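> Okay, predicted coordinates and the sequence, questions at the end:
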Amino acid sequence: MDFKLRSFFSIQVILCLIIIEANAQLCFTADVTRGCAPLTVNIQECVGSNVDKGSLLYNYEYQPGDPPGGVDDTTWTYSQPGIYSIQQTGNVNGSGATLVESNYIEVLASPAPEFYVFVCDNNGVVIQITNIVYEEYIFDFKDGSPIQVLDATTDDKIFHQYSGPGVKDFSIKGNYVPGGCGTEISGTINTLDNIPIPQILNYRTSLNPYKVSFEYSTIDRVFYDIYQSEDGGQSFTLLMTSLPGDGTQSYEKGNLGDTVNNQCFRVDARDECGNIFSSETLCSIELAGEAQNNRNQLVWSEYKGPNLDSFQVNRDGIPIAFLPSGFPPSEYFDSMVVCGDEHNYEVLALISQGSSISFSNSVELRSFSSDTPSTLINPLVSTDLNNTLVSWDAGNNVVEYTVFAQTGNSNLGLKGSTTETFFEDEVQDRINRIPCYSITYQDSCDNKSRLSVPQCPMILQVSNAPESSHDLEWTPYVGWELGVEYYEVQKVNVNGDVFFRLELDSTTFAWADIGIDSSFQDFYYRIRAVENQGDSAQSFSNSVLIEQVFRIFFPTAFTPNSDGLNDVFIGKGRFVESYELTIMNQWGEVIYQSKNIEDGWDGTFRGNESPIGTYLYEVEATDQKGNNFNEQGTITLIR
């Protein structure tokens with residue numbers, strides 16, 4: 001409560017008492033005139049002998065203009081805070097009279113104390129009253145130490161030191177003087193042996209515009225001061241103070257002019273007891289870079305801060321070099337680059353064994369080269385049933401491959417371009433005009449490689465005179481740096497499965513296949529060439545289709561006399577897929593049927609020998625390609 005107002009109340013009471021003494025008529029006093037709500041007041045009358053005491057009434061919440069009257073109770077409880085006047089009414093010498101004690105009773109609110117607790121080094125605490133209501137505050141720190149009283153008329157803080165760290169209990173009671181009342185509140189605080197030294201994290205320098213940003217670690221109930229130096233750490237200026245709480249805070253400082261070379265920053269943790277704990281001083285690094293032929297050059301400014309251990313060079317966020325702090329000059333060449341690649345570089349100053357790090361600004365560089373790209377080695381040319389496939393190992397940083405072809409003595413001609421490492425060429429004449437192929441490529445720096453050595457696939461030709469013999473001839477595979485290790489003749493069915501292989505030396509380019517191959521009615525010949533050593537690559541020639549003729553043969557007579565010679569009438573065929581033989585006598589009666597070409601008629605009917613004579617036969621068959629065959633004939637049975 002305002003102390004001038006209380007003095008005013010005292011003057012009013014004295015004046016009233018002077019008036020009462022002068023009148024010597026109405027009079028009363030209260031046992032308490034100041035206290036906390038709810039406040040109970042007891043009135044004691046002190047009227048003269050000429051006053052009728054039975055007529056006394058009291059208005060405990062008198063307002064100017066109220067008529068005389070009230071209650072005869074001499075005890076009253078005030079439930080709401082405020083300043084109250086009391087009116088006394090009674091008969092004096094038979095006439096009505098009143099007495100008013102203005103602003104006589106002060107009823108006070110008793111809010112809980114509002115406060116903030118700071119932690120200090122060595123388990124100290126400072127408690128600050130943030131909204132002073134009471135004249136004094138009583139502190140009990142619950143550790144056996146004496147009760148402490150804060151005179152709020154002269155100070156708003158109190159200090160206490162606990163004996164050790166941990167969660168501590170305390171209570172604060174506000175107390176009115178005079179009044180002797182107030183509210184008590186309890187609290188806890190986690191005290192610390194030591195205030196942690198703040199750590200600056202992710203200290204980064206940026207250009208265009210020039211600025212510095214970083215994060216710093218904080219704890220609750222401690223002040224943090226950020227300082228800046230513009231002379232490499234020789235002198236510092238306070239930029240800001242905060243009371244942030246637990247966690248990590250961010251800070252950014254812009255408008256640094258046209259250079260960051262001498263910019264340094266420091267963060268101090270400062271407790272309310274005056275102890276200061278300083279972070280490492282971190283300074284900025286300004287990085288510049290230049291792309292040169294087959295390398296990227298990095299140059300950075302001198303690091304002005306203390307405790308520098310080493311520099312770390314990062315490319316695309318990955319360390320590629322560590323350089324000692326005394327490494328002269330502040331320069332690095334990155335030669336592990338590929339033409340056209342774009343890289344992001346930054347240099348890190350590692351402070352105090354890496355506990356703190358200063359990141360330079362980042363630099364984007366696009367690598368280039370004026371060198372002629374390496375020529376493709378040993379491309380591969382191979383054929384299948386439809387196309388010629390040219391393939392090769394990838395070049396370095398290729399934008400596009402270009403494929404050229406040459407047939408016989410013709411000029412080199414453009415076949416096409418691709419970004420893949422293969423090219424399919426549809427060749428119409430697969431016997432006489434399969435070309436040789438060369439490949440070049442262009443890298444992302446617009447440099448072109450030389451043409452690769454021409455790769456000439458094998459050309460296979462097959463002749464089949466007579467029908468039961470096939471003569472194979474092929475041209476050698478040309479282009480592999482170490483030549484061919486061996487050739488392999490292959491027979492492949494129409495499903496692409498190899499069912500015959502014959503290996504021949506690298507100087508053999510012909511082979512005769514004698515006899516009919518009854519494995520499949522249709523098949524392909526092809527030649528496989530295998531690279532000599534190297535990657536053991538393989539190439540296939542064109543495939544030549546062989547279509548063999550379907551055949552079934554029957555004898556004109558047979559002699560079922562059990563002499564082991566020509567005892568059964570049976571067909572002989574090749575490439576038969578399905579088969580049905582029917583034999584009838586001269587009256588057209590069916591006397592024998594079979595669906596197995598391996599079975600034949602033994603000249604009997606229903607267990608009896610058939611008579612000598614001529615019989616009819618009919619055969620229906622299908623070959624492996626689905627072609628139908630029908631034949632009728634006669635057979636003579638001889639005994």
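It's in.

> who does the strand ranked longest in the chain pair up with?
Longest strand of the chain, by residue count under DSSP state E: strand 95-108. Strands that pair with strand 95-108, judged by DSSP bridges, come out as strand 34-36 (parallel), strand 82-92 (antiparallel).

> Flag the shaky bits of the stretch 451-600 of the chain, pLDDT-wise.
For the stretch 451-600 of the chain, the stretches with pLDDT under 70 are 465-467, 534-535.

> can you give me the strands in it?
With DSSP state E, counting those that start in this stretch, the ranges of strands along the stretch 451-600 of the chain come out as 460-463, 469-474, 484-492, 498-505, 510-514, 522-531, 538-540, 544-547, 551-553, 557-558, 572-574, 576-584, 590-594.

> Equivalent analysis for the stretch 201-350 of the chain, please.
Counting by DSSP E, counting those that start in this stretch, the strands of the stretch 201-350 of the chain are 211-218, 223-229, 237-242, 247-253, 264-270, 276-278, 282-283, 287-292, 295-300, 308-315, 318-324, 331-334, 342-351.

> from the middle of its chain, how far away would the longest strand of the chain be?
Distance of strand 95-108 from its chain centroid, counting by Cα atoms, centre = their mean, to the nearest Å, is 78 Å.

> ok, then the element right after it?
strand 115-120 (DSSP states H and E).

> buried ones in that next one?
F115, V117, F118, V119, C120 (16 or more other Cβ atoms under 10 Å). Where you see a C-beta, it was placed from the backbone N, CA and C, and this is true even at glycine.

> Tell me which of the strands of the stretch 451-600 of the chain approaches C27 most closely.
Closest to C27 of the strands of the stretch 451-600 of the chain, according to Cβ to Cβ: strand 538-540, at 130.5 Å.

> and the closest residue to V462 other than its chain neighbours, bridged to which residues?
In this structure, V462 finds its nearest non-sequential neighbour in V544, 4.4 Å apart by Cβ to Cβ, 6 or more residues apart in numbering. With DSSP bridges as the criterion, V544 is bridged to Y525.

> Quick one, which of the strands of the stretch 451-600 of the chain gets closest to P319.
Short answer: strand 522-531, nearest of these by Cβ to Cβ, at 41.1 Å.

> for the stretch 1-150 of the chain, what spans make up the helices?
3-23 (DSSP state H, counting those that start in this stretch).

> how far away is the residue nearest to V462 from D522?
Per Cβ to Cβ, to the nearest Å, V544 is found 11 Å from D522.

> So for these two, which sits in the more crowded spot?
Counted by other Cβ atoms under 10 Å, V544 and D522 do not tie: V544 has more neighbours, with 20 against 14.

> Let me see the contact set for that one.
With contact set as Cβ atoms under 8 Å, 6 or more residues apart in numbering, V544 has these partners: L460, Q461, V462, Y524, Y525, R526.

> out of the strands paired with strand 95-108, nearest to Q199?
Counting by Cβ to Cβ, Q199 lies closest to strand 34-36 out of these; the figure is 49.1 Å.

> Could you list the residues in contact with that closest one?
For strand 34-36, the external contacting residues (Cβ under 8 Å, 6+ apart) are I105, E106, V107, L108, A109, S110, Y176, P178, G179, G180, C181, G182.

> for the record, mean pLDDT for that strand?
Average pLDDT, strand 34-36: 97.

> Determine how far that strand lies from the middle of the whole chain.
The answer for strand 34-36 is 65 Å, by Cα atoms, centre = their mean.

> now do stretch 50-61
Chain-centre distance of stretch 50-61: 87 Å, with Cα atoms, centre = their mean.

> How about S578: which residues does it bridge to?
Counting by DSSP bridges, S578 forms beta bridges with T622.

> what's the burial count for it?
S578: 13 neighbours (other Cβ under 10 Å).

> contacting residues for it?
K595, A621, T622.

> Let me have the strands paired with strand 95-108 in TSV, adding distance to Q148 as columns.
TSV is the format used below for those (distance: least, Cβ to Cβ, whole Å):
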stretch	distance to Q148
strand 34-36	22
strand 82-92	32
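
> Nearest to I189 among those strands would be which one?
strand 34-36 (27.5 Å).

> Could you measure from the most centrally placed residue in the chain over to N344?
By Cα atoms, centre = their mean, the chain has its centre lying nearest to G317, at 14.2 Å. The gap separating G317 from N344 is 7 Å, by Cβ to Cβ.

> can you check L207 too?
Taking Cβ to Cβ, one finds L207 at 14 Å from N344.

> Looking at those two, which is more packed in?
The neighbour comparison of L207 against N344 (other Cβ under 10 Å) goes to L207, with 17 against 12.

> can you pull the pLDDT of that one?
For L207, pLDDT reads 87.

> Name the nearest residue to it, sequence neighbours excluded.
N361 (4.6 Å).

> cool, and S330?
Per Cβ to Cβ, 6+ apart, closest to S330 is W300, 4.7 Å.

> what's near enough to touch the one you found?
Counting by Cβ under 8 Å, 6+ apart, W300 has contacts I285, E286, L287, A288, F311, S330, E331, V347, S360.

> My read is that I377 contacts G479, right?
No - if you go by Cβ atoms under 8 Å, I377 and G479 don't touch, sitting 10.4 Å apart.
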